[in-house]
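> Would you be able to build a 3D model of this:
(chains A, B, C and D)
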There are 2 protein chains.
Amino acid sequence: MSQSGIDLDRSLGYLLKEASSALRTAMEEVLRPLGMSVTHYSCLELLAQRPGLSNSELARGAFVTRQTMNVLLQALERDGYVTRPAEAPVGKVLPARLTPRGQQSLEQASAAVRAVEVRMLSGMTETERSAAFRILRSMIHSLRDGDGNDGA
Amino acid sequence: MSQSGIDLDRSLGYLLKEASSALRTAMEEVLRPLGMSVTHYSCLELLAQRPGLSNSELARGAFVTRQTMNVLLQALERDGYVTRPAEAPVGKVLPARLTPRGQQSLEQASAAVRAVEVRMLSGMTETERSAAFRILRSMIHSLRDGDGNDGA
DNA sequence: TGACTCATGTCAGTATTCTGACATACATTG
DNA sequence: CAATGTATGTCAGAATACTGACATGAGTCA
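Predicted coordinates:
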């Protein structure tokens, strides 16, 4: 009752979490029939766009720890979706790549996820969509290091 | 130090996840010194705004399952942050409430989280902030049930 | 060259969350 | 009233992600 709390209905942070949760749920729903988790999909999508990404880079891109991504990569490698060289070309970094099977598997998942994203954008004008990009980037920038007084 | 900006930044879904992840990380950083997790804090904040919320309602509000919230509530009850009646006034629903200790604990956390949210909003104009609300609500609506062709 | 720092891949254990299951309580419907 | 459907609280086991730790390779600096 006092004023110590944050009004959740007016909190942009809460709304951000709500939207992210709704997106994740929607993605899980369309990926489940394909036998794929969100992290699983994220890994494949990242590799499709940037072949040769390392385990640690994939982990950062999928917002998990490198240990978690390592377990996933070993499973994907075992099941023939991904390949990694037995020895590192340079340093310890093992560049990962999609196999043809991995690419094929990704195509179905990618289409399903794209449909979800289209649905998410369906109620927005083109102006709002570009505003959304700008605003989210601003939030990320401000949260990452310190103040972020400079939005651009 | 392979530095690489990932092209996936063209996806609003990815950006949404990125922002949500950054927010969660920032919240964890300020809550850790208080010995509190994000879910822990969310539960207390929900109870402060809506005293008497049930376990299941708290779970939905904090975006976890009711089983997970139940485990948390039992711990909070054991440690004296929350109270629940021994028997349900009606049905099986046990209305939870903050103890004075719980309220006090929340006040510190709430201040810390509020600072994070202020930081997140720091680079945005007032117009952008209200646009952010509208846009996020639109996304949530469209993702929840089907099309969401009606944005306003 | 050697000391230092940083990032990486990986193993192991811990922690957290979820799924499955059950009994119970209320509302609805016939 | 009885049958059904929905929602709840809770226990137990499974899945998932995280923290800690170690060895290794590369870059930096004196």
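
> doesn't residue A:82 make contact with residue A:47?
Yes. The pair residue A:47 and residue A:82 qualifies as a contact (CB atoms under 8 Å) at a distance of 6.8 Å. For the C-beta atoms, the positions are set from N, CA and C on the backbone; glycine is no exception.

> mind listing the helices in chain A by residue range?
For chain A, the helices defined by DSSP state H occupy A:12-31, A:38-49, A:55-62, A:66-78, A:100-121, A:126-144.

> could you redo those as CSV and give each row mean neighbour count?
Formatted as CSV, the helices of chain A follow (neighbours: other CB atoms under 10 Å in any protein chain shown):
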stretch, mean neighbour count
helix A:12-31, 20
helix A:38-49, 21
helix A:55-62, 20
helix A:66-78, 16
helix A:100-121, 16
helix A:126-144, 18
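
> and residue B:105, which of these is closest to it?
Smallest distance to residue B:105 across those (CB to CB): 19.4 Å, for helix A:12-31.

> Next, the angle helix B:12-31 makes with that closest one.
Going by axes from the mean of the first three to the mean of the last three CA atoms, to 10 degrees, helix A:12-31 is angled at 130 degrees with respect to helix B:12-31.

> Give the full set of residues in contact with residue A:140.
For residue A:140, the contacting residues are B:15, B:18-19, B:22, by CB atoms under 8 Å, 6 or more residues apart in numbering or on different chains.

> pLDDT below threshold where in chain A?
Chain A contains residues with pLDDT under 70 at A:1-6, A:146-152.

> What parts of it come near DNA strand C?
Proximity of chain A to DNA strand C, by CB under 7 Å from any atom of the strand, involves residues A:54-57, A:66-67, A:70, A:73-74, A:88, A:91-94.

> go again using 10 Å as the cut-off
A:21, A:24-25, A:28, A:32, A:53-60, A:65-71, A:73-74, A:77, A:84, A:86-88, A:91-96 (CB under 10 Å from any atom of the strand).

> Tell me which ones among those also neighbour DNA strand D, please.
Okay, of the residues of chain A next to DNA strand C touching DNA strand D (CB under 10 Å from any atom of the strand), that's A:59, A:65-71, A:87-88, A:91-93.

> which among these are in contact with chain B?
residue A:93 (CB under 8 Å from any CB of the partner chain).

> residue contacts, the closest residue to residue A:73 other than its chain neighbours?
The spatial neighbour of residue A:73 that comes closest, neighbours along the chain excluded (CB to CB, 6 or more residues apart in numbering or on different chains), is residue A:55 at 5.7 Å. By CB under 8 Å, 6+ apart, the contact list for residue A:55 reads A:66, A:69-70, A:73, A:94, A:96.

> Just send these back as JSON lines, with distance to residue B:100 too.
Formatted as JSON lines, these follow (distance: CB to CB, whole Å):
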{"residue": "A:66", "distance to residue B:100": "43"}
{"residue": "A:69", "distance to residue B:100": "44"}
{"residue": "A:70", "distance to residue B:100": "46"}
{"residue": "A:73", "distance to residue B:100": "49"}
{"residue": "A:94", "distance to residue B:100": "55"}
{"residue": "A:96", "distance to residue B:100": "54"}
